[in-house]
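Asker: What follows is a predicted protein model with its sequence.
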Amino acid sequence: MTDTVPQPQPLYLLADSQLLFWRRRDRPLLETALDGLARDTPLTAAYIGASNGDRREFYEIFEAALDEVGITERRMIDSSFGPQDRAFLERADLIVLAGGDVRLGWNTFEATGMKDVILHRHAHGSVLVGVSAGAVQLGRYGIVEAPESAAPGLLDVFGLVPRVIDAHDERGAWARLSHATDLLRGSTTGLGIPSGGGVVVHADGTIEPLRHPAHEFRYDGTGVVHTVLPAAEGH
């Protein structure tokens, strides 16, 4: 009998930290996200704060969310990514990519080797949760400010979700995302996640909005079409 390699888990993309405490059908979202994991040993959770410069107050929010689901073995992975951080991340069951600056975080992932460890853990069954900038980084491109241009640029990121993603830009009517979708001319669709909302991206690519409707932007050959994707039930 041969060991089977765990299959990739759904990806959780959150606009902000609100959904870390949100309950769906009377269970915390994080608890349901962990349902597919084996429980032979206590679960471990890693928080990567590279996008916000390792700010402890955001890690403390993550710790409070873990208290709700009973995960006590957790660690903040610092941007320096020393040997102890690497060893912990290499066995983490839950990995949260923090919000902040998309480009800052991505540059750190690439420079330190975190990128490869995160991809390996996803392929081997860890649950990945991206919050704000972290959600953007799980997509195909991140929309970033380009110093040499007035228009935003596109940064290649993980590509685990084959879309360009933006979060909490509903007050801007998703103008950045619509513009990026137009620039990409149909090669990638856009996905907007509003404040307080999120999406689950299932293994077959299905998008399941959480709490609030999500926004899809698609280039149809002549222009960008905006579709509202209804949200799942919850409270």
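Answerer: Nice, thanks for sending it over. Since this is a predicted model, take the numbers as computed values, not measurements. Numbers count the residues shown, from 1 in each chain.

Asker: need the helix or strand of this structure with the lowest average pLDDT.
Answerer: The helix or strand of the chain with the poorest confidence is strand 23-24; it has a mean of 88 (mean pLDDT, DSSP states H and E).

Asker: Report the next helix or strand after it in sequence order.
Answerer: Going down the chain from strand 23-24, the next helix or strand is strand 27-28, by DSSP states H and E.

Asker: Quick check: the closest residue to Q137 other than its chain neighbours vs S51, distance?
Answerer: Of all residues not flanking Q137 in the chain, V157 sits nearest, at 4.6 Å (CB to CB, 6 or more residues apart in numbering). C-beta here means a position set from N, CA and C on the backbone, and glycine is covered the same way. Separation of V157 from S51 (CB to CB, to the nearest Å) stands at 11 Å.

Asker: Then H120?
Answerer: As judged by CB to CB, H120 and S51 stand 20 Å apart.

Asker: ok, those two, which is more surrounded?
Answerer: For H120 versus S51, the count of surrounding residues by other CB atoms under 10 Å is larger for S51: 29 against 12.

Asker: Would you confirm that that one contacts G100?
Answerer: Yes - with contacts defined as CB atoms under 8 Å, S51 counts as touching G100 at a distance of 3.3 Å.

Asker: Show me the common contact partners of those two, please.
Answerer: Here S51 and G100 share the contacting residues A133, scored by CB atoms under 8 Å, 6 or more residues apart in numbering.

Asker: longest helix of this structure?
Answerer: Using DSSP state H to define each element, the chain has its longest helix at helix 56-69.

Asker: Check which helices and strands it is in contact with.
Answerer: When contacts are defined as 3 or more CB pairs under 8 Å, 6 or more residues apart in numbering; DSSP states H and E, helix 56-69 sits against strand 27-28, helix 29-33, strand 44-48, strand 73-77.

Asker: contact partners of it?
Answerer: Residues outside helix 56-69 that contact it (CB under 8 Å, 6+ apart): 17, 20-21, 28, 30-31, 34, 45, 47, 49, 52, 72, 74, 76, 96, 98-99.

Asker: In this structure W174 contacts H215, no?
Answerer: Yes - using CB under 8 Å, W174 is in contact with H215, at 5.7 Å.

Asker: Between those two, which contacts overlap?
Answerer: Counting by CB under 8 Å, 6+ apart, the residues touching both W174 and H215 are G190, G192, H226.

Asker: how near is the second one to E170?
Answerer: When CB to CB is the yardstick, G192 and E170 sit 7 Å from each other.

Asker: residues in contact with the residue nearest to the spatial centre of the chain?
Answerer: Using CA atoms, centre = their mean, the residue of the chain that lies closest to the mean C-alpha position is G130, 2.1 Å off. Neighbouring residues of G130 by CB under 8 Å, 6+ apart: L11, Y12, L13, L14, V96, L97, V136, Q137, L138.

Asker: next one: A98
Answerer: 47-52, 58-59, 62, 105, 131-134.

Asker: count of residues packed around the residue lying closest to D220 once chain neighbours are set aside?
Answerer: Excluding its sequence neighbours, the residue lying closest to D220 (CB to CB, 6+ apart) is G186, at 7.8 Å. G186: 12 surrounding residues under other CB under 10 Å.

Asker: closest to V200 out of the helices and strands packed on helix 56-69?
Answerer: Of all the helices and strands packed on helix 56-69, helix 29-33 sits nearest to V200, with 8.1 Å by CB to CB.

Asker: And that closest one, what's buried?
Answerer: Within helix 29-33, the residues that count as buried by 16 or more other CB atoms under 10 Å are L29, L30, A33.

Asker: Perfect, I'm done here.
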